[in-house]
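**Q** give me coordinates for this.
(one chain, ligands or ions: 1)
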Amino acid sequence: MTRETRLSPMQLPQVTEPRNPGMELDMGWVRRAQANSSAIERRVATLPGRRSVKKDHQAAWLLRAITCIDLTTLAGDDTTERVRRLCAKGRHPVRADLLQALGFDRLSVAAICVYHDMVAPAVAALTGSGIPVAAVSTGFPAGLSPFHLRVAEIGESVQAGANEIDIVISRRHVLSGDWQALYDEMRAFRAACGEAHVKAILATGELGTLRNVARASLVCMMAGADFIKTSTGKESVNATLPVSLVMIRAIREYHERTGYRVGYKPAGGISKAKDALVYLSLIKEELGDRWLRPDLFRFGASSLLGDIERQLEHHVTGAYSAAHRHALG
Ligand SMILES: O=C[C@H](O)COP(=O)(O)O
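**A** Just a heads-up that it's a prediction; the model follows:
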């Protein structure tokens with residue numbers, strides 16, 4: 001990965017990816033899915049220490065990371081004003097002087113991710129920007145409200161203008177091995193989304209085993225998920241590298257078997273630029289460059305952008321400013 005580390009964040013050729021339509025539930029394939037924990041641990045242990053992204057190209061990688069962020073606020077005290085500020089940051093994620101010094105004039109995040117009540121203010125604040133609004137839905141984060149209400153909630157958010165819906169799966173279906181129930185639930189959520197793209201949040205920290213993560217990933221893709229996402233950000237364990245490797249390999253296998261590319265979204269606790277670089281390296285090595293675009297890769301993050309901007313400032317000026325200068329929202 002040495003010669004190919006010059007990643008331009010802008011002027012990416014438009015690639016139109018056919019949407020994953022899903023397929024019949026293939027229980028044989030699901031049951032064959034395994035996860036060798038010690039091999040997975042060994043593989044991810046090689047990642048953080050490796051200088052896979054050369055210093056000269058780090059700024060380009062960090063700019064690319066920004067274009068893949070679902071800039072998120074999911075707090076009980078969210079207000080319209082906070083969401084407006086977040087959207088303004090999403091439109092202009094890097095200070096103009098820094099961006100100019102890096103040779104670019106335009107950059108935005110991939111999406112703004114909010115609770116349902118904040119969809120309309122976000123849509124209004126993003127008018128004309130082309131930045132989609134993602135709504136967390138289906139009784140987020142636990143997913144334990146009545147099923148018909150979870151389905152209805154998706155429709156309400158789409159009606160309010162959400163272009164993307166992040167649903168949460170019922171963890172109990174995974175924990176009890178009821179793959180048909182998980183498949184049916186995901187199918188219904190996908191149908192309720194209509195044209196809006198659907199990200200399936202597995203809440204991996206609550207699924208017990210990596211094998212369950214592998215199986216849940218496959219079932220959600222078979223049921224038509226456009227993205228699979230690790231976490232709500234509210235579990236006690238959120239995105240991790242072992243879980244990511246398992247999900248990424250499930251995505252690779254699904255692509256090999258069906259020809260459809262499903263996106264990946266690690267979320268929760270990713271707040272440092274150096275961690276973002278490790279995730280990008282993992283994606284590049286396991287799935288290839290095609291997945292390093294916002295239509296197939298997102299970071300779900302509330303504070304990552306602040307640290308990336310700080311690192312970019314250091315790259316340009318040689319000095320760090322205080323973290324509060326890059327506060328969000
Ligand atoms: O989906 C996004 C997560 O909720 C964000 O989590 P975070 O606040 O730990 O970055």
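**Q** helices of the stretch 51-200 of the chain, start to end?
**A** Remark: helices assigned in the stretch 51-200 of the chain by DSSP state H, counting those that start in this stretch are 55-67, 80-91, 96-101, 119-125, 147-159, 171-175, 179-193.
**Q** show me what the shortest one packs onto, helices and strands only.
**A** Helix 171-175 sits against helix 179-193, helix 210-222, with contacts defined as 3 or more Cβ pairs under 8 Å, 6 or more residues apart in numbering; DSSP states H and E. (C-beta placed from N, C-alpha, C; glycine too.)
**Q** closest to Asp117 out of the ones you listed?
**A** Closest approach to Asp117 among the helices and strands packed on helix 171-175 (Cβ to Cβ): helix 179-193, 18.5 Å.
**Q** now what about the closest one, what contacts it?
**A** The contact list for helix 179-193, computed with Cβ atoms under 8 Å, 6 or more residues apart in numbering, reads 22, 25, 27, 30, 138, 147, 150-152, 154-155, 158, 165, 167, 169-170, 173-174, 198, 200, 215-216, 219-220, 222-225.
**Q** how about a cut-off of 7 Å?
**A** Helix 179-193 is contacted by residues 22, 25, 27, 30, 138, 151, 154-155, 158, 165, 167, 169-170, 173-174, 198, 200, 215-216, 219-220, 222-225 when judged by Cβ atoms under 7 Å, 6 or more residues apart in numbering.
**Q** alpha carbons of that helix, as CSV, please.
**A** Only the C-alpha atoms of helix 179-193 are listed here, as CSV (Å, rounded to 0.1, in the frame of the first residue of the first chain):
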residue,chain,number,x,y,z
TRP,A,179,-32.4,-16.2,11.8
GLN,A,180,-35.7,-16.4,10.0
ALA,A,181,-37.1,-13.8,12.4
LEU,A,182,-34.1,-11.5,11.9
TYR,A,183,-34.4,-11.9,8.1
ASP,A,184,-38.2,-11.1,8.2
GLU,A,185,-37.6,-8.1,10.4
MET,A,186,-34.9,-6.7,8.2
ARG,A,187,-37.0,-7.4,5.1
ALA,A,188,-39.8,-5.4,6.5
PHE,A,189,-37.5,-2.5,7.5
ARG,A,190,-36.0,-2.4,4.1
ALA,A,191,-39.4,-2.4,2.5
ALA,A,192,-40.5,0.5,4.7
CYS,A,193,-37.5,2.5,3.7
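**Q** so which bits of that helix are buried?
**A** Neighbour-count burial for helix 179-193, counted by 16 or more other Cβ atoms under 10 Å, picks out 179, 182-183, 185-190, 192-193.
**Q** enumerate the residues of this structure near the ligand.
**A** When proximity is defined by Cβ under 6 Å from any ligand atom, the chain lies next to the ligand at 72, 74, 113, 232-233, 267-269, 271, 300-303.
**Q** so where is the stretch 51-200 of the chain shaky, pLDDT-wise?
**A** Applying pLDDT under 70 to the stretch 51-200 of the chain flags the ranges 51-56.
**Q** OK, now which residue of it is nearest to the ligand?
**A** Closest contact between the stretch 51-200 of the chain and the ligand, by Cβ to the nearest ligand atom, is at Thr72 (4.2 Å).
**Q** give me the most central residue, this protein.
**A** The centroid of the chain falls nearest to Lys265 when counting by Cα atoms, centre = their mean (2.4 Å).
**Q** for that residue, what are its contacts?
**A** Here Lys265 is in contact with 70, 199, 227, 229, 298, 300 (criterion: Cβ under 7 Å, 6+ apart).
**Q** need the pLDDT of it.
**A** On the pLDDT scale, Lys265 is placed at 98.
**Q** angles on the backbone of it, please.
**A** Main-chain torsions, Lys265, degrees, to the nearest 10: phi -130, psi 100.
**Q** what's the local residue count around the nearest residue to Met247 once chain neighbours are set aside?
**A** Nearest residue to Met247 in three dimensions, chain neighbours excluded: Ser217, at 5.0 Å (Cβ to Cβ, 6 or more residues apart in numbering). The tally of other residues near Ser217 (other Cβ atoms under 10 Å) stands at 30.
**Q** then Ala75?
**A** 12.
**Q** now stretch 309-317: buried residues?
**A** Under 16+ other Cβ under 10 Å, the buried positions of stretch 309-317 are 309-313, 315-316.
**Q** ok, the residue of the stretch 101-250 of the chain found nearest the ligand - contacts?
**A** Here the stretch 101-250 of the chain gets closest to the ligand at one residue, Gly233, 2.4 Å apart by Cβ to the nearest ligand atom. Shown in contact with Gly233 (Cβ under 7 Å, 6+ apart): 74, 267-268, 300.
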